[in-house]
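Peer 1: Take a look and give me a structure for this.
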Amino acid sequence: MAECTQSRQYWHYSNMRGRIHISTDENASIGRRDAKLRDARRHEVTGHSWCMVFAFALVLVAIFRSTHTNVATMSRRDAPLSPTVADIAKNSSTPTILAVSTRGPSDDPSKKMMPIKGKPKSFPPLSSLVDAGLNGIPSGIRRDADVSWLLDWAVVGFPKCGTTTLMQSLNTPYDAAVVQKERCGLGNNDVAKLVWHLENDPFPKDPTIKRGIKCPKDLESKYTLINLAKYFPKTKIIVTVRHPILWFQSFYNFRAKNIFPRKMPPTTRAINGLQACRRSTDVCTYRANFHKFLARMGKTPLSSQEEMELLQPGWNMDEVVRSNAKVFLMHVSQLGDKNETRLNQFREDLRWFAGLDGEIRLESGKIVAEQVIQPEARRRMIDICSHKHDEVRQVLMKQARSASKWILRYFLSSPEVVVSSREHFVQLVRLWEFDPCDSDAFVKHNMTRW
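Peer 2: Numbering: from 1, shown residues only. From the prediction side, this is the model:
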């Protein structure tokens with residue numbers, strides 16, 4: 001009884017809520033329970049710790065992936081758009097430029113564009129550019145050849161518009177090479193022969209030298225623009241024009257001097273189309289349609305009724321070859337402008353367009369050197385203002401007015417057409433609406449006929 005009483009001795013614990021009575025027998029079980037609770041709490045805390053570690057690891061992985069993705073995106077953004085282009089550039093010693101045709105129709109004659117690269121570091125052998133033909137004459141351009149770097153600019157029109165003086169002025173020392181002979185391979189559809197000339201003409205064997213050619217009749221050929229777009233899409237185009245009546249007189253007299261002692265046919269036989277050209281030694285009114293040949297470049301919309309009427313008759317849309325080629329349009333009077341300020345501006349504009357460092361040599365008031373003409377040949381020349389040439393002059397004036405309106409309203413609106421001293425150029429072309437033989441309309445504008 002005493003042991004029982006002693007074993008059931010009470011231990012008294014107190015807390016803020018009141019008195020708690022715990023027996024010694026229950027004390028052991030409570031201790032064991034507290035130990036289990038402590039172990040459970042320890043495991044619980046350990047589990048929470050591992051969860052926190054795992055969550056932190058997931059956050060780190062997410063941050064790493066995000067950073068890696070951004071870096072990869074930036075790397076792709078800075079890389080070339082096309083891996084093919086990068087591969088080509090990596091395997092080539094010169095930077096590669098992709099040529100993109102601007103025409104959509106599948107029947108575009110210039111759609112088969114040749115591969116285009118930058119200028120080579122050294123002059124390649126001719127055999128790498130053209131296929132050999134009989135007697136050493138090239139038969140065609142090699143399929144894998146890039147010849148675009150051979151031609152920086154081309155004077156493609158028109159005859160008796162100062163093209164010889166222009167080529168002489170563009171032949172600047174050290175940075176340009178211009179052969180004074182006419183190279184008409186573009187218009188004759190013989191590009192291989194043109195490349196042969198560009199390789200064998202007395203040019204410095206330096207690819208960095210600017211190269212240019214002239215062929216005043218090139219723009220009249222349907223092949224010129226096709227070959228430029230296909231083989232020389234980066235080549236800049238230079239065109240000179242003048243009043244159609246003054247052009248006809250100059251061209252007629254040039255032929256009369258050259259074929260002497262043979263006689264030139266009367267001017268009435270030079271009226272109308274290409275057939276008239278054949279029977280009058282290539283001098284005909286058809287070739288004075290400067291605006292129709294310029295329109296073939298596709299620099300204007302060619303969609304309105306008004307524009308189509310200015311290009312009639314004989315306009316053919318199938319001969320249009322659109323390209324991104326830049327055009328420098330000039331009036332022959334600008335070559336020998338007596339206004340020194342405008343002449344200096346013209347020199348600078350032409351030098352900039354041709355990409356030259358040297359100075360353009362042009363003299364104020366002088367276009368071509370005086371030529372010695374035999375008195376007998378001089379008597380065969382014409383004065384276009386004579387009444388016996390009224391018929392041909394009437395046809396030329398109709399063409400001149402249409403050309404003037406089309407050039408000023410449409411051609412000059414193209415961002416790919418460049419002129420020097422725009423206001424002065426506009427005044428010169430606007431004078432085409434007047435007959436130069438009318439002294440009241442022409443002399444007051446200080447126009448000189450030559």
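Peer 1: Looking at strand pairing, list the partners for Ile213.
Peer 2: According to DSSP bridges, the partner residues bridging Ile213 are Ala154.
Peer 1: I'd guessed it sits against Leu194; true?
Peer 2: Yes: with contact taken as CB atoms under 8 Å, Ile213 and Leu194 are classed as touching, separated by 7.4 Å. All C-beta atoms are positioned from the backbone trio N, CA, C, and that covers glycine.
Peer 1: the bottom helix or strand of the protein by mean pLDDT?
Peer 2: When the helices and strands of the chain are compared on mean pLDDT, DSSP states H and E, helix 83-91 comes out lowest with a mean of 32.
Peer 1: Which secondary structure elements does whatever helix or strand comes next after that one sit against?
Peer 2: From helix 83-91 onward toward the C-terminus, using DSSP states H and E, the following helix or strand is strand 130-131. Under the contact criterion of 3 or more CB pairs under 8 Å, 6 or more residues apart in numbering; DSSP states H and E, the helices and strands touching strand 130-131 comprise strand 140-141, helix 191-200.
Peer 1: okay, now Asp190: neighbour count?
Peer 2: When counting by other CB atoms under 10 Å, one arrives at 18 neighbours for Asp190.
Peer 1: Same question for Asn258.
Peer 2: If you count neighbours by other CB under 10 Å, Asn258 ends up with 11.
Peer 1: ok, it to Met381 distance?
Peer 2: From Asn258 across to Met381, the span is 11 Å (CB to CB, to the nearest Å).
Peer 1: Tell me the spacing between Glu359 and Asn344.
Peer 2: Plainly put, Glu359 is 11 Å away from Asn344 if you go by CB to CB.
Peer 1: residue ranges with poor pLDDT in the stretch 101-250 of the chain?
Peer 2: 101-118, 121 (pLDDT under 70).
Peer 1: before we move on, what about the stretch 351-450 of the chain?
Peer 2: Judged against pLDDT under 70, the low-scoring parts of the stretch 351-450 of the chain cover residues 363-372, 439-450.
Peer 1: let's go with 80 and repeat that
Peer 2: Under the criterion of pLDDT under 80, the regions of the stretch 351-450 of the chain flagged as low confidence span 363-377, 439-450.
Peer 1: all strands for it, in order.
Peer 2: 417-418 (DSSP state E, counting those that start in this stretch).
Peer 1: quick one: the helices in the stretch 251-400 of the chain?
Peer 2: When assigned using DSSP state H, counting those that start in this stretch, the helices of the stretch 251-400 of the chain occupy the ranges 274-278, 290-295, 305-311, 340-354, 375-379, 390-409.
Peer 1: For the ones you listed, could you give me TSV that also reports distance to Ser139?
Peer 2: What follows is the helices of the stretch 251-400 of the chain, written out as TSV (distance: least, CB to CB, whole Å):
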stretch	distance to Ser139
helix 274-278	29
helix 290-295	29
helix 305-311	37
helix 340-354	32
helix 375-379	41
helix 390-409	39
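Peer 1: Nearest to Lys119, out of those helices?
Peer 2: helix 340-354 (15.6 Å; CB to CB).
Peer 1: quick one on the thing from earlier: joint contacts of Ile213 and Leu194?
Peer 2: Common neighbours of Ile213 and Leu194 are listed as Arg183 (criterion: CB atoms under 8 Å, 6 or more residues apart in numbering).
Peer 1: Quick one: closest of the helices and strands packed on strand 130-131 to Asp175.
Peer 2: Nearest of the helices and strands packed on strand 130-131 to Asp175, taken as CB to CB: helix 191-200 at 16.6 Å.
Peer 1: And that closest one, what does it pack against?
Peer 2: The criterion is 3+ CB pairs under 8 Å, 6+ apart, and the helices and strands that helix 191-200 contacts are strand 130-131, strand 140-141, strand 210-214.
Peer 1: Count residues in the vicinity of Ile373, would you?
Peer 2: Here the number of neighbours of Ile373 (other CB under 10 Å) works out to 15.
Peer 1: Would you confirm that it contacts Lys257?
Peer 2: Yes: counting by CB under 8 Å, Ile373 does reach Lys257; the two are 5.7 Å apart.
Peer 1: Tell me which residues of the one helix or strand Tyr223 maps to come out buried.
Peer 2: Per DSSP H and E, Tyr223 falls inside helix 222-231. By neighbour count on 16 or more other CB atoms under 10 Å, the buried set for helix 222-231 is Tyr223, Thr224, Leu225, Ile226, Asn227, Leu228, Ala229, Lys230, Tyr231.
Peer 1: Look up how far Thr268 lies from the last one.
Peer 2: To Thr268, Tyr231 is 41 Å away according to CB to CB.
Peer 1: Could you do the fifth one as well?
Peer 2: When distance is defined by CB to CB, Asn227 is 36 Å away from Thr268.
Peer 1: Kindly report the same for the second one.
Peer 2: Look at Thr224 and Thr268: by CB to CB, they are 30 Å apart.
Peer 1: What is the burial count for Tyr174?
Peer 2: The number of residues packed near Tyr174 is 11, by other CB under 10 Å.
Peer 1: Give me the three-state assignment for it.
Peer 2: On the three-state scheme (DSSP: H, G, I helix; E, B strand; the rest coil), Tyr174 is labelled coil.
Peer 1: show me the contacts for Leu228.
Peer 2: For Leu228, the contacting residues are Ala154, Leu186, Thr235, Ile237, Val321, Ser323, Ala325, taking CB under 8 Å, 6+ apart as the criterion.
Peer 1: now, which of those sits nearest Met397?
Peer 2: Met397 lies nearest to Ile237 out of the contacts of Leu228, by CB to CB, at 27.5 Å.
Peer 1: contacting residues for the closest residue to Tyr252 other than its chain neighbours?
Peer 2: Excluding the flanking residues, the one nearest Tyr252 by CB to CB, 6 or more residues apart in numbering is Val283, at 5.0 Å. Contact partners of Val283, counting by CB under 8 Å, 6+ apart, are Phe248, Phe251, Tyr252, Arg255, Met264, Ala270, Cys277.
Peer 1: please redo it, this time with the cut-off set to 6 Å
Peer 2: With contacts defined as CB atoms under 6 Å, 6 or more residues apart in numbering, Val283 is in contact with Phe251, Tyr252, Arg255, Ala270.
Peer 1: Check Arg342 too.
Peer 2: Each residue near Arg342 by CB under 6 Å, 6+ apart is listed here: Ser421, His424.
Peer 1: what helix or strand is Ala177 on?
Peer 2: Counting by DSSP H and E, the secondary-structure element that holds Ala177 is strand 176-178.
Peer 1: ok, and what's touching that strand?
Peer 2: Taking contacts as CB under 6 Å, 6+ apart, the residues outside strand 176-178 that touch it are Met167, Leu170, Asn171, Phe203, Ile209, Lys210, Arg211, Gly212, Leu356.
Peer 1: and what of stretch 287-302?
Peer 2: The set of residues external to stretch 287-302 that reach it, using CB under 6 Å, 6+ apart, is 219-220, 225, 241, 244, 247, 311, 319-320, 322, 396, 399, 403, 406-407, 410-411, 414, 416-417.
Peer 1: Identify each buried residue in that stretch, please.
Peer 2: Counting neighbours by 16+ other CB under 10 Å, one finds that the buried residues in stretch 287-302 are 287-300, 302.
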